[in-house]
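Engineer: kindly return the folded structure for what I paste below:
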Amino acid sequence: MQPTDTDIANWSMLALSPASWLDIVLNFGVALVFAFVINIIYRLCRGVHATRSFLQTLYMLTFIITLVIMVILSVRGAAGVAVAFGLMGALSIIRFRTIVKDNRDTAFVFLAVGAGMAAGAGVWLIGFIGIAVIGLTLLLIETAPWHGGRRQVIVKIRFRPSAEGDQPPHLLNALKQFGSRVNMLHVRTLRLGELLEATYSMALFHHIDEASLIAEMLKTKEVEDLSVFNAEELEEP
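Structural biologist: Here you go, the predicted model:
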């Protein structure tokens, strides 16, 4: 008698489901390792922007998905499908109210979900290889030689307007000595027109850093104040 598709599905679920309490503990232990490695990768990629609450969320999410997968795999027969859809419906009620400012944070959430699924199903090798490949790729992109080359920055300058009431012509030329693709974003008046505040986006040359840009621009007599921001992290200049 040939096995049916239902029999094959039941056998596969039986092979993946935890058989004893030791299997359950091991799955959670592997999930802990997965979450720990994901948190390290996240810290290295996000730096000072890595919040403690989001790091804790990655741990919790990995454990929760591990638990859900083990529950689904532990139910035999046709009831397993019902339990799977039931858990899916229950989890869909939960919504993240917090606005995600960086798309990379969303990608790390999906990475934690995938790691939890691998740990809960007992396919640890897939989880280890997946996290290693994704982590090494992210770190390679983050530390690539071209990453630190031309840095895109936002420059905010407060200066005294010229006699005609507009920007001194040599101010823009001074910025072009330190970078390329200099574009004005907006300008506004301060102190009832006594000062102007102009915001520019520009790509710094390889040999120029933010400190030297500030030091040289402050030597210009019209410039009262100057600030430099990272364009990737600044939402609004």
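Engineer: all contacts plus neighbour counts: C-alpha atoms, from now on.
Structural biologist: Noted.
Engineer: how near is residue 60 to residue 70?
Structural biologist: 15 Å (Cα to Cα, to the nearest Å).
Engineer: neighbour count: those two, which is higher?
Structural biologist: residue 70 (22 against 17; other Cα atoms under 10 Å).
Engineer: that one and residue 123, how far apart?
Structural biologist: For residue 70, the distance to residue 123 - Cα to Cα - is 12 Å.
Engineer: same check, this time on residue 213
Structural biologist: Counting by Cα to Cα, the gap from residue 213 to residue 123 is 52 Å.
Engineer: the more surrounded of the two?
Structural biologist: The residue with more neighbours, out of residue 213 and residue 123, is residue 213; 20 against 14, by other Cα under 10 Å.
Engineer: please parse this protein into its domains.
Structural biologist: Listed by automatic domain parsing, the domain ranges of the chain are 5-146, 149-230.
Engineer: residue 206: how many residues sit nearby?
Structural biologist: 13.
Engineer: assign it to helix, strand or coil.
Structural biologist: Per DSSP: H, G, I helix; E, B strand; the rest coil, the local secondary structure of residue 206 is coil.
Engineer: how about residue 126, what does it touch?
Structural biologist: By Cα atoms under 8 Å, 6 or more residues apart in numbering, the residues touching residue 126 are residue 118.
Engineer: doesn't it lie inside a helix?
Structural biologist: Yes: counting by three-state DSSP, residue 126 is part of a helix.
Engineer: how near is it to residue 117?
Structural biologist: 10 Å.
Engineer: is it possible to export the domains of the chain to TSV including mean pLDDT?
Structural biologist: Shown next, in TSV, are these (pLDDT from 0 to 100):
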stretch	mean pLDDT
domain 5-146	77
domain 149-230	78
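Engineer: quick one, longest strand in this structure?
Structural biologist: What stands out as the longest strand in the chain, according to DSSP state E, is strand 179-190.
Engineer: I'd say residue 210 and residue 228 touch.
Structural biologist: Yes: Residue 210 lies in contact with residue 228 (Cα atoms under 8 Å); the separation is 6.8 Å.
Engineer: how about the closest residue to residue 214 other than its chain neighbours, what does it touch?
Structural biologist: Excluding the flanking residues, the one nearest residue 214 by Cα to Cα, 6 or more residues apart in numbering is residue 226, at 6.5 Å. Residues in contact with residue 226 (Cα under 8 Å, 6+ apart) are 155-158, 214, 217-218.
Engineer: swap in residue 214?
Structural biologist: 226-228.
Engineer: likewise for residue 202?
Structural biologist: With the criterion set at Cα under 8 Å, 6+ apart, residue 202 makes contact with 152-155, 179-183.
Engineer: go again with 6 Å.
Structural biologist: Contacts for residue 202 (Cα atoms under 6 Å, 6 or more residues apart in numbering) come out as 152-153, 180-182.
Engineer: please tell me how far it sits from residue 152.
Structural biologist: 6 Å.
Engineer: shared neighbours, those two?
Structural biologist: With Cα under 6 Å, 6+ apart, residue 202 and residue 152 have no common neighbours.
Engineer: so in terms of bridging, what pairs with residue 154?
Structural biologist: For residue 154, the beta-bridge partners under DSSP bridges are residue 201, residue 229.
Engineer: from now on call the first residue 18
Structural biologist: Taking 18 as the first residue, the last one we looked at is residue 171.
Engineer: give me the element the spatially most central residue of the chain is part of.
Structural biologist: Geometric centre of the chain, nearest residue: residue 121, 2.5 Å, by Cα atoms, centre = their mean. In the assignment (DSSP states H and E), residue 121 maps to helix 120-138.
Engineer: find the nearest non-adjacent residue to residue 204, please.
Structural biologist: residue 215 is the one closest to residue 204 (Cα to Cα, 6+ apart), at 4.2 Å.
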